[in-house]
Each structure stands twice: as C-alpha cells, then as structure tokens.
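*Asks:* My questions concern the predicted model and sequence given below.
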Amino acid sequence: MEATATLSQYRQSPRKTRLLADLVRGKKVEDAILQLDFRAKRSAPIFVKLIKSAVANAKAAGLDEKALVVKSITVDKGPILKRSRPRAHGRAFPIHKHTSHITVTLADKATLVTKKALKKAGVASVVKTAPATKKTIAKTVTKKKAATKAE
C-alpha cells in the first residue's frame, strides 16, 4: 500500500529542487528526514514537511510508520511567472521565475520487497521461455528475357 503527498507551484526551479529529491529517493523515512535536517538547501524544510505529511496519510490508511520507505519523489516543472527588469534606454529584459510540482510517494517496505521478487521471477521466466528463432530469407532470382525485334 502507498501514501502520497503533493505540493504544487513551489517557487523554486525544478533543477535546484531535484538535487534533494535524488538524495532521499529509496531511503527509509527516518533516514530521509535525518539527511534533510542537515542540508543547507532552501527546499530541505519543504521536503521534510512533505514527507511528514505523507507519513500522516500513511497512518490514516493504517500503515506502520516505522516500515515506510520513500518509494518515489518526482519534481515536475510548474508554471513560469514572467516578470520584467527595467534596463537602460527604456528597454525591459524578461525575468522567468520557475516553479515546481513535488510529489512524494511512500510505500511499506514489505510490499516493495515482494514486488521486486515478483519482478525478478517474472523476468527470469520470460527469458527462459523465449524460443530462439532464426530468420531465413529465401531469395529467388528470375531472369528477364530481352525483347527482340522482329524484322
């Protein structure tokens, strides 16, 4: 079973936000929060808050808090706020303020292990049962008769 939490239109670029997402993906919830507490990034407290929200959603769904693992964190591109910066001679340069959509998915560790085992078993059986076929192409050569003039 899974529990998710989302944050829409977070006012930081996805490129900067993905740095922390890559750090905690696949870790236990306690380890992920501990890692984020000691990071000097602007989005670290946001990720902690989001993970705690997903843990609360998991508790409401009846999952054990200690066995939760960060299954996936996705940071997608949000809408761009367009502003302008006044420049010399009456010009204006565009300023783009990027936003991010963050989604955290937590899963029970036991379900992740069984899914991985099933996936490995399924892949192994597919590989073993696939027959080795050899393609042969038969080429036929036909000779064209030259047209002769009847005089």
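*Replies:* Done, it's in. Owing to the predicted nature of the structure, the values given are computational and were not obtained by experimental measurement. Numbering: from 1, shown residues only.

*Asks:* ranges for the strands of the protein?
*Replies:* 2-10, 68-77, 81-86, 92-97, 100-108 (DSSP state E).

*Asks:* Pipe the ones you listed into a markdown table and attach mean neighbour count, mean pLDDT and distance to S53 per row.
*Replies:* The C-beta positions use only the backbone N, C-alpha and C, and glycine is treated the same way. Formatted as a markdown table, those follow (neighbours: other Cβ atoms under 10 Å; pLDDT from 0 to 100; distance: least, Cβ to Cβ, whole Å):
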| stretch | mean neighbour count | mean pLDDT | distance to S53 |
| --- | --- | --- | --- |
| strand 2-10 | 16 | 96 | 4 |
| strand 68-77 | 19 | 96 | 13 |
| strand 81-86 | 10 | 97 | 25 |
| strand 92-97 | 10 | 98 | 25 |
| strand 100-108 | 21 | 96 | 8 |
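
*Asks:* Tabulate the ones you listed (JSON lines), appending distance to K49.
*Replies:* Putting these into JSON lines (distance: least, Cβ to Cβ, whole Å) gives the following:
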{"stretch": "strand 2-10", "distance to K49": "8"}
{"stretch": "strand 68-77", "distance to K49": "13"}
{"stretch": "strand 81-86", "distance to K49": "22"}
{"stretch": "strand 92-97", "distance to K49": "22"}
{"stretch": "strand 100-108", "distance to K49": "10"}
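
*Asks:* Quick one: closest of those strands to A60.
*Replies:* Evaluated with Cβ to Cβ, the strands of the chain place strand 2-10 nearest to A60, the distance being 8.0 Å.

*Asks:* Check the protein and tell me which residue is nearest its centre.
*Replies:* In the chain, the residue lying closest to the centroid (Cα atoms, centre = their mean) is T74, at 5.0 Å.
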